[in-house]
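Engineer: Pasting the sequence and the predicted model now:
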Amino acid sequence: MKNMKIHNTDISTFKRFLISGTLLTMTVACSSGTNENKAAKESEEPVKPAVVVSQAIEIDLARESMADQQVLAKSSMSFNPQQRFRVVRPPVENTENYQHYNENGVNSVLQNPVSTFSIDVDTGSYTNIRRMITQGTLPPADAIRVEEFINYFDYNYPKQGNTGSDTPFSIDTAISTSPWAEERHIMRIGLKGFSPDVTKFTGRNLVFLLDVSGSMNQPNKLPLLTRSLTLLTAQLSEQDSVSIVVYAGASGVVLEPTRGNQKAKIKQALTTLSAGGSTNGQAGIELAYNMAEQAFIKGGINRVILATDGDFNVGLTNHEQLIELIKRKRQKGIALTTLGFGQGNYNDYLMEQLADAGNGNYAYIDTIHEARKVLVDEMNATLLTIAKDVKIQVEFNPDLVAEYRLLGYENRVLNREDFNNDKVDAGEIGAGHTVTALYELTLNKSNNHYLDPLRYQQATGQNIDKPQSSQFADELALVKLRYKPVTSEKSQLITQAVLTKQITGFEQQSDDFRFASSVVGFAHLLKKSHYWQGMSYQQIIDMALGAKGKDEFGYRAEFINLVRSSATLQVNNPKQSKEKLSSVELNPQGFTRTIESNPTLLTKH
């Protein structure tokens, strides 16, 4: 009988070990064991030795390495056939949409001496790329628009003044030797819009057209959107008007035209929004324009602000028809600004197209700080147009310049005859906006031409040693600019020559000139441009550091860190071809993310 008791005690002890092992396995696999369950198991057989052993094992395991824990867990599985696995979520499909544009090529001045393009004040490409790099991935080449990188930053060009009675902006030109190619030059054209007295305007009629469809149900979409527009609302006054239209599967008015000083009412309307349903962008746009017409302020600012991820999937999903709809609406004096949010399904191409069609601008909001930049610090530049249909045409002197290439603006290039045609649409410029364009030039005397000379034009094209009798012998190029005043449909012309005496060494140029050049270099490296020659990420960093200058809001310092992050994301594998991408594993906090990247260019020359 006594032996029977001992035997039973041994069996009970074995059971308690079995129970403890099972609990331990569940703790290691799921990290979610509870004290209540353990207490219940222990109370079934209240024999002290087993409890002591169980606690000792638990304490020892806490000190073991992860490898030892896995071994113990595996051995304990023999008592419990039910295995537990970590749930692996399927990858989210990336359907972001970017339009492909071929890079501007090299032009021979003898064959094509004139370059014509529309200005662009959009900045969405830069901030969208910043979001990608900050998240640990390099951007696709088609997402990079060089001009939007350059124009994200403000430059200290000469101001025209506050009246704008004669000309709404000033033109500033400069030229230096190239920092990235021997015997080539960089020519910069800069525009600075005047800043009018906003108190002279009769008010701002703003319609917030907000996407509340199911695709906006993410922290960096609708919640960020409402906080961003709350910042803008705080800048408004009694003479302003705000309406809110939302759209998902259907559209509706959340807030009728309301005075700008009724901030609590506007904020309440914004904070009560929630996301769900499909996206009928057409219905929302039509209703928003109707609301803008209803509250139209004559002589004031009338603008629809569309905030969305651009994922229109019901209604008028044909983008060409949607763009035509917006073009018809802009004839009534109502502009369209697009604010992009989110990732994964983001439609960058559509957002840019809609803003262009609506005589407005396009920005991508990735953080609340960017919202402050666009909607508070640069509110007048974003909302107040001072000139429309702004076009630039540059004629190069074939006696001095052999080749040129416009850096960026691929989707803004115009035909030569479009410059004088007032029916051809072009970009708008806002109050205080700066617009910058860069050309890469090869002079006739250079020994580093892109193009071979033509056999039968050598006598004309290379006759550079003979004295020039022309009155334009010292002019490298003539910059012509056309614009329409906001209240007119007839364009005005401004001209300015670029002279040979303006040529300097790169280091003698202004901080703004050199910093803009570093931004161009970064965009070309990310884009893997085949025109880029020999400049590394480290050289871009050094150039930007030396030209940071006054950086009140820290945007230039942020750019430098962005270049550093991009360099870090590259893979140091010289055997890898330029086209093939490799996977890099990042494990910052115990999780794994795979990114696509290219060989590093961190060598310092």
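Structural biologist: Yep, it's here. Numbers count the residues shown, from 1 in each chain.
Engineer: what comes into contact with stretch 194-206?
Structural biologist: By C-beta atoms under 8 Å, 6 or more residues apart in numbering, the residues outside stretch 194-206 that reach it are 159-164, 168-169, 232, 236, 239-243, 257, 260, 292, 295-305, 380, 383-384, 386, 431-432. Where C-beta positions appear, they are placed from N, C-alpha and C, glycine not excepted.
Engineer: now it, how far from the centre of its chain.
Structural biologist: 28 Å (C-alpha atoms, centre = their mean, to the nearest Å).
Engineer: List the buried residues for stretch 481-496?
Structural biologist: When burial is assessed from 16 or more other C-beta atoms under 10 Å, stretch 481-496 yields the following buried residues: 481, 482, 483, 484, 491, 494.
Engineer: Could I get the contacting residues of the third one?
Structural biologist: Shown in contact with residue 483 (C-beta under 8 Å, 6+ apart): 168, 169, 387, 388, 389, 390, 391, 429, 491, 492, 494.
Engineer: that older thread, show me the two of the buried residues of stretch 481-496 that sit farthest apart.
Structural biologist: Based on C-beta to C-beta, the longest span within these runs between 484 and 494 and measures 12.4 Å.
Engineer: Show me where the stretch 301-450 of the chain dips below the pLDDT cut-off.
Structural biologist: Across the stretch 301-450 of the chain, the stretches falling below the confidence threshold (pLDDT under 70) are 312-318.
Engineer: hey, where'd the strands end up in it?
Structural biologist: Assigned by DSSP state E, counting those that start in this stretch, the stretch 301-450 of the chain shows strands spanning 301-308, 335-340, 362-364, 385-396, 401-407, 427-430, 434-443.
Engineer: May I have the strands that pair with the shortest one, each with its orientation?
Structural biologist: Read it as strand 362-364. Listed by DSSP bridges, the sheet partners of strand 362-364 and their directions read strand 335-340 (parallel).
Engineer: list the contacts for the closest residue to residue 352 other than its chain neighbours?
Structural biologist: Once its chain neighbours are removed from consideration, residue 352 has its nearest residue in residue 362; the separation is 5.1 Å (C-beta to C-beta, 6 or more residues apart in numbering). Listed by C-beta under 8 Å, 6+ apart, the contact set of residue 362 reads 122, 123, 124, 337, 338, 339, 340, 351, 352, 354, 355, 356.
Engineer: Can you give me the distance of residue 362 to residue 528?
Structural biologist: Between residue 362 and residue 528 the distance, using C-beta to C-beta, to the nearest Å, works out to 24 Å.
Engineer: repeat for residue 297
Structural biologist: Using C-beta to C-beta, we find residue 297 at a distance of 47 Å from residue 528.
Engineer: ok, those two, which is more surrounded?
Structural biologist: residue 297 (17 against 13; other C-beta atoms under 10 Å).
Engineer: which SS class is the more buried one?
Structural biologist: coil (DSSP: H, G, I helix; E, B strand; the rest coil).
Engineer: Local confidence estimate at it?
Structural biologist: Turning to residue 297, the model gives it a pLDDT of 93.
Engineer: Run through this protein and note the low-pLDDT ranges.
Structural biologist: In the predicted model, the chain carries pLDDT under 70 at residues 1-92, 160-165, 249-250, 277-282, 312-318, 458-469, 571-605.
Engineer: rerun that using 50 as the cut-off
Structural biologist: Within the chain, the stretches with pLDDT under 50 are 1-9, 11, 28-69, 71-87, 163-164, 314-316, 461, 572-605.
Engineer: Where do the domain boundaries of it fall?
Structural biologist: 2-79, 107-196+387-451+475-597, 203-383 (automatic domain parsing).
Engineer: So for residue 100, which of the ones you listed sits nearest?
Structural biologist: Proximity to residue 100 (C-beta to C-beta) singles out domain 107-196+387-451+475-597 among the domains of the chain, at 4.8 Å.
Engineer: Just the buried ones out of the contacts of residue 483, please.
Structural biologist: 168, 169, 387, 388, 389, 390, 391, 429, 491, 494.
Engineer: what sits against residue 227?
Structural biologist: When contacts are taken as C-beta under 8 Å, 6+ apart, residue 227 is in contact with 368, 371.
Engineer: Test of understanding: give the bridge partners of residue 306.
Structural biologist: Using DSSP bridges, the bridge partners assigned to residue 306 are residue 209, residue 338.
Engineer: dump the residue contacts of it.
Structural biologist: Taking C-beta under 8 Å, 6+ apart as the definition of contact, the neighbours of residue 306 are 209, 211, 285, 288, 336, 337, 338, 339, 354.
Engineer: Return a PyMOL selection command for the buried portion of those residues.
Structural biologist: Those of the contacts of residue 306 that count as buried under 16+ other C-beta under 10 Å are selected in PyMOL with:
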select buried, resi 209+211+285+288+336+337+338+339+354
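Engineer: thinking again about what came up before, how close does the residue nearest to residue 352 sit to residue 178?
Structural biologist: To residue 178, residue 362 is 30 Å away according to C-beta to C-beta.
Engineer: Tell me the buried residues in the strand or helix carrying residue 253?
Structural biologist: With elements taken from DSSP states H and E, the one containing residue 253 is strand 251-259. Neighbour counts over strand 251-259 (16+ other C-beta under 10 Å) mark 251, 255, 257, 258, 259 as buried.
Engineer: mind exporting that strand as CSV, just the C-alpha atoms?
Structural biologist: Extracted C-alpha coordinates of strand 251-259, given in CSV (Å, rounded to 0.1, in the frame of the first residue of the first chain):
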residue,chain,number,x,y,z
SER,A,251,-20.4,62.3,-51.9
GLY,A,252,-21.9,64.8,-49.5
VAL,A,253,-21.6,68.1,-47.8
VAL,A,254,-20.2,68.0,-44.3
LEU,A,255,-20.0,71.7,-43.8
GLU,A,256,-21.8,74.4,-45.7
PRO,A,257,-19.9,77.7,-46.4
THR,A,258,-18.8,78.9,-42.9
ARG,A,259,-16.9,82.0,-41.8
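Engineer: is it true that residue 211 touches residue 247?
Structural biologist: Yes - if you go by C-beta atoms under 8 Å, residue 211 and residue 247 touch, sitting 6.4 Å apart.
Engineer: where does residue 215 land in three-state SS?
Structural biologist: With three-state DSSP as the criterion, residue 215 reads helix.
Engineer: these two touch, right, it and residue 276?
Structural biologist: No - counting by C-beta under 8 Å, residue 215 sits too far from residue 276 to count as a contact (9.9 Å).
Engineer: Of these two, which one has the most company?
Structural biologist: Between residue 215 and residue 276, residue 215 has the larger neighbour count (other C-beta under 10 Å), namely 25 against 12.
Engineer: for that one, what are its contacts?
Structural biologist: Counting by C-beta under 8 Å, 6+ apart, residue 215 makes contact with 221, 275, 279, 309, 311, 342, 345.
Engineer: One more: residue 352?
Structural biologist: Under the criterion of C-beta under 8 Å, 6+ apart, the contact list for residue 352 reads 99, 122, 124, 338, 362, 411.
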